[in-house]
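Novice: Here is a sequence with its predicted model. Questions after.
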Amino acid sequence: MTKLDQCLVDAAVRFARERYPEGEALVAALLTETGRVLFSVPAEARLSMASLCAEKGAICEAHKLNERVVASVCVYRESTSSPPGVVPACGVCQERLAFWGLGVQVAVPGEASGEPWQAKSLEQLRPYYWGRFHE
């Protein structure tokens, strides 16, 4: 696995089921250039501004391991009885992922009927990325 594919989505769903056997669940799975999958979950705080996005832990882990991230997926389940679905990285996490370049693939909800998700590069998500003007 060297790109965003169903295997990465399935890995995130499995991790979500293990980590959150009941209720709401949000999990991120990041794929590194070496094929390593890093998982993380949001860190909630009493003050919402101090909470951390689901991807943040895996992003920090990739930095710690000096691994280049090539793909990211977040899955969300509203309740135990609802199916998990792909949710896109927020703008802050897109900015964090841009550290590894605009070629990083991010899972987003599907546009076509019956398409549960699709892969988009940060380049596609952010065609007017501000960072280009500071290279």
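Specialist: Cool, the structure landed.
Novice: Phi, psi for A28 please.
Specialist: In terms of degrees, to the nearest 10, the main-chain angles of A28 are phi -110, psi 140.
Novice: My guess is it contacts S72. True?
Specialist: Yes - A28 is within contact range of S72, at 6.6 Å (criterion: C-beta atoms under 8 Å). (Glycine included, C-beta is placed from N, CA and C.)
Novice: In this protein, where's the longest helix?
Specialist: helix 6-19 (DSSP state H).
Novice: quick one: the helices in this protein?
Specialist: So, for the chain - with DSSP H - the helices run 6-19, 56-65, 91-97, 122-125.
Novice: Tabulate these in TSV, adding columns for mean neighbour count, distance to R77 and mean pLDDT.
Specialist: Formatted as TSV, the helices of the chain follow (neighbours: other C-beta atoms under 10 Å; distance: least, C-beta to C-beta, whole Å; pLDDT from 0 to 100):
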stretch	mean neighbour count	distance to R77	mean pLDDT
helix 6-19	17	6	96
helix 56-65	17	18	96
helix 91-97	17	19	93
helix 122-125	17	23	94
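Novice: Let me have the ones you listed in TSV, extended by distance to E115.
Specialist: Shown next, in TSV, are these (distance: least, C-beta to C-beta, whole Å):
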stretch	distance to E115
helix 6-19	12
helix 56-65	25
helix 91-97	21
helix 122-125	16
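Novice: Would you tell me which of these gets closest to R132?
Specialist: Ranking the helices of the chain by proximity to R132 (C-beta to C-beta) places helix 122-125 first, at 9.9 Å.
Novice: Could I get the contacting residues of Q118?
Specialist: Q118 is in contact with 107-111, counting by C-beta atoms under 8 Å, 6 or more residues apart in numbering.
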